[in-house]
Structures are given as structure tokens and as C-alpha cells.
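Student: structure of the sequence below:
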Amino acid sequence: MAAGGVTVTHGPDGDRGPVWTAATGPVHPGLAGVARGYTGYTERHAGPLRRREPATGQVTLIVSFGDPLDIVEMSESSSGGRRLTSFVVGLHDGYAVTEHAGVQAGIQVDLTPLGAAAVLGIPPTALANECVPLDDVLGRAAGELADRLASAPAWADRFALLDRLLLERTADAPPPDPAVAWAWDQLARSGGQVPVGLLAEEIGWSRRHFGARFRAEVGLPPKPAARVLRFTAATRRLAAGTGGSIADVAAVFVRSAKAVHRRAGSGLRETTISTSSGMAAAIALPKARPSAANTSPGVSKPTMCLSLAKSVEISE
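Tutor: The predicted structure follows:
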């Protein structure tokens, strides 16, 4: 169902209505380069649900008006073990394991790595590989925002409210460094295929200076950022059904990584997944499952991919 640019889809019916609902909508044109879109969501399960969330290549803002979410584990991070409601996840080159009691509701705002600082008002390096409570970023306004979104009558109203907020917060924000913005655009457009050294050379900076400036603006150094972009390009092909099997997509990922490093003349020192079987395992790992605490008979085991979480539901 689509209305006013907002598309709403529903999952199968449970005892109390749809198991999940997802509403997607575009951002205001004035937010181009800052945010990519909104996804509103509700989900209701009979018991606790655990997911493994892969890297996304973006900064994710969650405004929740549902139950808290446990960050069971977050690789390359100190954020594991937290219980959060609304939060921000910075650009991340690993995975996270989350769990909730069974009921969730909220909105996910997909921010670009270069636009997040303008919205949030904190350095990208403070968010990279971390999951930060929204209260720590916005203060009391975080709770007020969640209340206003929860009380809005429809998803379109909620997205319009977010448009106004983001436009207000970015109105006087300084633009990102144009050289870094160009470099990020080259990496994003190529799916992480452009060697970092070539970008630095084109800009006219030393690799060291380029790495420092890129990390200050994006959050991650350029090589890990490119690796995340290659991974997300591979998972998009898999989700779209255009890349063949997991093994086929994994092989393409590894060949592209090796090609980048051959062009850069630097071997595979920076590549954390150097075999197609390793990549296949990495793609297959984000399987979500009902948590061990969910032992109720007859509990369904979801197998569909929820766009709101950018993750794959686990089936045991």
C-alpha cells in the first residue's frame, strides 16, 4: 500500500494482527546527501527474538517507541552488553547481535556517513564502531522526539516531522570537506573498488594525510570503509537475487577485493576475508533466530528479511 510517497507492507497475521509492519518513505529533497530514507516498523512475536546485524555502510539512527533492545555483542566495539531504546549506530566494519523481548516499534533513519555529523552534532569518530544512546547525543530532546513520533497519527506524519527536524538541525551545519566528499562518492559509486592510494594521489594528498582527513569526516579509515562497501554491495546482489548463490556472491567479493589490492600493489594485508568460503560464511552468519528463552510451542520461526533491520531473520 502506498500513500503520499509512503509504502506500507505487512507480514503474516498473528494472534493480535500482523507479526510485522514496515513503512518506507523518502526524505525531503533538501536532505540529499544527509539522509537516504526512513523506515517505520512494528513487530510482535510470541517471545524473545535475536538477530545478527551485518555492516550497512551508513550511520543508523533508531527512534524507538517500543521495548528496549539488548546489544548482546558488537564486534570491534565496546558497546556490547548495553540495553537501549533509541540510539545511533556509527559506521561499523563488523556485526552486532541484538535481542528484544518480542515487541518493537519505531523509526529507522538511514544517515549518510558524511551527513550524520551535521544531524547529530558530534564527530564521526565518536560514533564509529559504537552504538550510542540517543539521549547522549540529543539530550532531553531524544525522549521528546520519541513521544512526538509515537503520538503522530500516521507514518507520513512521522516522516514529515523527521524532515522538519533534520532540515532544522542541518541548516547551519558546515559542509564536509569537498575532497573527502569526492573520495567517499568514488568509493560508494564503485562499491569500494577504487584503491585508496589512487584517491589520495588524485586529490594531491599524502596517503597518511588522506587517511587522517577521511577518518575525521567519515568515522572509519578509508580501507575499512571500502571493505564495508564491498561487503554491502555483495549482500545487495544476494538479496536482489542477481548474484547467484551465496558461494557465487562470495567468490565475486573475494575476486574484487584481490583486484583492488593488486591495483594498489599492497597484497591482502587489509583483507579480513580472503577466501570465498570465508565470505560465504560471513554472509550466511546474519541468520536471526528466536532466542533460547523463546521455548513456547508453536512459535513461528521467521525467515524473511526485514528492511527495517537490514538483517536476515534467523531460522534454526
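Student: domains for this protein, by residue range?
Tutor: Per automatic domain parsing, the structural domains of the chain span 2-173+295-312, 178-284.
Student: lowest average pLDDT across those domains?
Tutor: Looking at those, the lowest mean pLDDT belongs to domain 178-284 (a mean of 75).
Student: tell me the helix or strand right after the helix or strand encompassing Gly143.
Tutor: Using DSSP states H and E, Gly143 falls within helix 140-151. Next along the chain after helix 140-151, taking DSSP H and E as the criterion, comes helix 155-170.
Student: residues of that next one that come out buried?
Tutor: Trp155, Ala156, Arg158, Phe159, Ala160, Leu162, Asp163, Leu165, Leu166, Arg169, Thr170 (16 or more other Cβ atoms under 10 Å). In short, each C-beta sits where N, CA and C put it, glycine included.
Student: what's across from Thr21 in the sheet?
Tutor: Note on Thr21: beta-bridge partners by DSSP bridges are His10, Thr42.
Student: wait, it touches Thr9, no?
Tutor: Yes: here Thr21 reaches Thr9: they are 7.3 Å apart, a contact under Cβ atoms under 8 Å.
Student: same drill for the two, tell me which one is more crowded.
Tutor: Each of Thr21 and Thr9 has its neighbours counted (other Cβ atoms under 10 Å); Thr21 has more, 18 against 13.
Student: Gly40 is in contact with Ala22, correct?
Tutor: Yes: between Ala22 and Gly40 there is a contact at 7.2 Å, judged by Cβ under 8 Å.
Student: so which of the two has more stuff around it?
Tutor: Gly40 (25 against 21).
Student: contacts only, for the more buried one.
Tutor: Shown in contact with Gly40 (Cβ atoms under 8 Å, 6 or more residues apart in numbering): Thr21, Ala22, Ala23, Thr24, Gly25, Gly106, Ile107, Gln108, Trp155, Arg158, Phe159, Leu308.
Student: how near is it to Thr24?
Tutor: Distance, Gly40 to Thr24, by Cβ to Cβ, to the nearest Å: 8 Å.
Student: those helices in the stretch 101-250 of the chain, which residues are they?
Tutor: Taking DSSP state H, counting those that start in this stretch to define them, one finds helices in the stretch 101-250 of the chain at 116-120, 124-127, 134-138, 140-151, 155-170, 178-190, 196-203, 207-218, 222-240, 246-264.
Student: mind putting the ones you listed into TSV with distance to Arg82?
Tutor: Output for the helices of the stretch 101-250 of the chain, formatted as TSV (distance: least, Cβ to Cβ, whole Å):
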stretch	distance to Arg82
helix 116-120	18
helix 124-127	14
helix 134-138	11
helix 140-151	15
helix 155-170	24
helix 178-190	29
helix 196-203	32
helix 207-218	24
helix 222-240	22
helix 246-264	31
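Student: and those: which comes nearest Gly33?
Tutor: Across those, Gly33 has its closest neighbour in helix 178-190 (8.2 Å, Cβ to Cβ).
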